[in-house]
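> quick one, fold the following:
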Amino acid sequence: MKEKKKKYKWKDIIADTYKETKRSSLLVYLILRALVIFCMIMQILHGDIGNAFLCLLSLALFILPSIIQHTLDITLPNTLEIIIYLFIFSAEILGEINNFYMVIPYWDTVLHTLNGFLCAAVGFSLINLLNKTSDSFNLSPMYLCLVAFCFSMTIGVLWEFFEYSADQILLTDMQKDRIIPQISTVELDKTRSNNAIVVKDIDKTVMYDKDGKSLAVIEGGYLDIGITDTMKDLFVNFIGAAVFSVIGFIYLKTNRNDKFISNFVPTKGKRPIPDKVVKKLNELKEEEK
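Numbers count the residues shown, from 1 in each chain. Below you'll find the model as predicted:
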């Protein structure tokens, strides 16, 4: 008996279009998604609900590029989309759950620098697309890059808000504490005249509860509860945002078709349909007549 040929449906066209034009980013997405799901299962089996929630958050964040593309009617370059997936995986799964922040030096610094660069690229792209498609205004390259820079810094600040909230509500330590040998504080000024008292060469800090019982001994100095880490993160975010803003300014001023920046700048409209998919589309139309 002759096997009935499977009808090529409209949903197949959408799937094949994505596979043909987004093959590399789709492969990265599927691999990372599988790894996150495996990690989430392991965390649940170990009874670590907090880490399981981070895995669930990562899965939700993986969907964001697709939502952004369909909502704003834009196409993200493969390079930008892949970097976004890798960034989410590196920050949440490798950094938080697998402790890369503590094991690998400067892991957090690299990620926050990259975050500043990527967010500036996204902000630059959104404003640039609006600038190109609008007849009501024409932003100068300097102003456009300044907006992209501010957009990146705003995202960096919001992320620090998220880390602070997680530390206060869930009692995590996303804003990593540090041991410092020196502090400067007005709290030790007995005259209450806002004079900063400097305490140097701190060798040890002992914590007690209200009953006088020793809770912890911090060797080597005083425990800074996140402010140094927060300011470092914002500073490297500033560097990443500034670097892309300068590159974007040069790109706009010279009107060059720069291949480097095109890897980070989304384009208006949905991804083009490949020729082989167009052929199947025409066949489908003929069958439906």
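> may I have the phi/psi pair for residue 208?
Phi and psi for residue 208, reported as degrees, to the nearest 10, are phi -120, psi 150.
> residue 220: what's it in contact with?
Listed by Cβ atoms under 8 Å, 6 or more residues apart in numbering, the contact set of residue 220 reads 179, 181, 203, 204. Every C-beta, even on glycine, is put in place using the N, C-alpha and C of the backbone.
> looking at these, spot the one nearest residue 78.
residue 179 (42.9 Å; Cβ to Cβ).
> for that closest one, give its distance to residue 197.
Separation of residue 179 from residue 197 (Cβ to Cβ, to the nearest Å) stands at 20 Å.
> cool, residue 223 as well?
Taking Cβ to Cβ, one finds residue 223 at 18 Å from residue 197.
> and residue 123, by the same measure?
42 Å.
> for these two, indicate the residue with more neighbours.
residue 123 (25 against 12; other Cβ atoms under 10 Å).
> and residue 224, how far from residue 234?
15 Å.
> hang on, I meant residue 192
Applying Cβ to Cβ to residue 192 and residue 234 gives a distance of 31 Å.
> show me which of the two is the more surrounded one.
residue 234 (16 against 8).
> now do the contacts for the more buried one.
153, 156, 157, 160.
> Provide the secondary structure category for the last one.
Right, residue 160. helix (DSSP: H, G, I helix; E, B strand; the rest coil).
> what's the distance between the closest residue to it other than its chain neighbours and residue 214?
Spatially, and ignoring its direct neighbours in sequence, residue 160 is nearest to residue 230 (5.4 Å; Cβ to Cβ, 6 or more residues apart in numbering). Distance of residue 230 to residue 214, computed by Cβ to Cβ: 29 Å.
> and the two? Which one has more around it.
residue 230 (17 against 9).
> returning to that earlier point: assign the residue nearest to residue 160 to helix, strand or coil.
helix.
> ok, it - contacts?
Counted by Cβ under 8 Å, 6+ apart, residue 230 has contacts 160, 163, 164, 175.
> buried ones only from these, please, as a ChimeraX command.
Applying 16 or more other Cβ atoms under 10 Å to these, the buried members can be selected in ChimeraX as follows:
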select :160,163,175
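> who's in contact with residue 156?
Counting by Cβ under 8 Å, 6+ apart, residue 156 has contacts 112, 115, 116, 119, 233, 234, 237, 238, 241.
> now do the contacts for the fifth one.
Going by Cβ under 8 Å, 6+ apart, residue 233 touches 108, 109, 112, 156, 159, 160.
> phi first, then psi, for residue 185.
Dihedral angles (degrees, to the nearest 10) for residue 185: phi -150, psi 150.
> and it, how far from residue 179?
16 Å.
> for residue 193, helix, strand, or coil?
Residue 193 - assigned by three-state DSSP - is coil.
> check it and give its pLDDT.
Here the pLDDT value assigned to residue 193 is 89.
> what's the answer for residue 281, then?
pLDDT, residue 281: 59.
> for the remainder of this discussion, apply numbering that starts at 46.
Understood, numbering begins at 46; the last thing we discussed is residue 326.
> secondary structure element holding the nearest residue to residue 89 once chain neighbours are set aside?
Once flanking residues are discounted, residue 89 sits nearest to residue 97: 5.0 Å by Cβ to Cβ, 6+ apart. Per DSSP states H and E, residue 97 falls inside helix 94-117.
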